[in-house]
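Peer 1: Here is my input, please return the structure:
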Amino acid sequence: MGKFQSSKLFDGYSTCFRQWKAVGTHCRFLHGYAVSFRVWFEGDLDERNWVFDFGGMKRAKYKISGMAPKDFFTHLLDHTTIIAEDDPYLEEFKQLDADSIIQLRILPATGCERFAEYLHTIINDFLRKETDGRVRAIKVEVYEHERNSASYKEI
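Peer 2: The predicted structure is shown next:
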């Protein structure tokens, strides 16, 4: 018996970050991309014959960090600066945020691979509640732009 899957692209985010451990490459500097990400949903069909409502992130009953999921993604990624929690200049970035120079978001780690893992975890927690366990995210792929992407997939 087959499984049903669908996917949705979330795009339009301008995100700045740096990978401070990328010594010897330009990625150690602050840099930005037109970030987007695609989520692959898997599960049983609902009464409408859908795996997951493509507009379901806007009309969700449950929230992520107190926000509708789509609003959370905007809060996290749109015109923000993402810094790893172990960045040696974290305090300086916090001061820039306090001075309204940047909109700081602190994550466990930076880079497309880690963004994909982070989003996968957040989205799966949301889907478990929103669909009573009927749907899960099996893969999240994060794009820096049309040529570079990285993904996190359940195994």
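
Peer 1: Who are the contact partners of residue 34?
Peer 2: By Cβ atoms under 8 Å, 6 or more residues apart in numbering, the residues touching residue 34 are 11-14, 144-145. In short, each C-beta sits where N, CA and C put it, glycine included.

Peer 1: from these, which would you call buried?
Peer 2: 13, 144 (16 or more other Cβ atoms under 10 Å).

Peer 1: nearest to residue 153, of the contacts of residue 34?
Peer 2: residue 144 (18.3 Å; Cβ to Cβ).

Peer 1: about what we covered before: would you mind checking which of the contacts of residue 34 is nearest to residue 46?
Peer 2: Distances from residue 46 to these, taken as Cβ to Cβ, are shortest for residue 11 (25.2 Å).

Peer 1: Going by secondary structure, the closest one is in what exactly?
Peer 2: strand 4-17 (DSSP states H and E).

Peer 1: Send me that strand as PDB with only the CA atoms.
Peer 2: Extracted in PDB, the C-alpha atoms of strand 4-17 (Å, rounded to 0.1, in the frame of the first residue of the first chain):
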ATOM      1  CA  PHE A   4       0.500  10.000   0.400                       C
ATOM      2  CA  GLN A   5       2.800  12.900   0.300                       C
ATOM      3  CA  SER A   6       2.600  16.600  -0.600                       C
ATOM      4  CA  SER A   7       5.000  19.500  -0.400                       C
ATOM      5  CA  LYS A   8       4.900  23.300   0.100                       C
ATOM      6  CA  LEU A   9       7.500  26.000  -0.600                       C
ATOM      7  CA  PHE A  10       7.800  28.900   1.800                       C
ATOM      8  CA  ASP A  11       9.700  31.700   0.300                       C
ATOM      9  CA  GLY A  12      10.300  35.500   0.300                       C
ATOM     10  CA  TYR A  13      12.600  35.700   3.300                       C
ATOM     11  CA  SER A  14      15.700  37.900   3.400                       C
ATOM     12  CA  THR A  15      18.000  36.400   6.000                       C
ATOM     13  CA  CYS A  16      21.500  37.400   7.200                       C
ATOM     14  CA  PHE A  17      23.700  35.000   9.100                       C
END
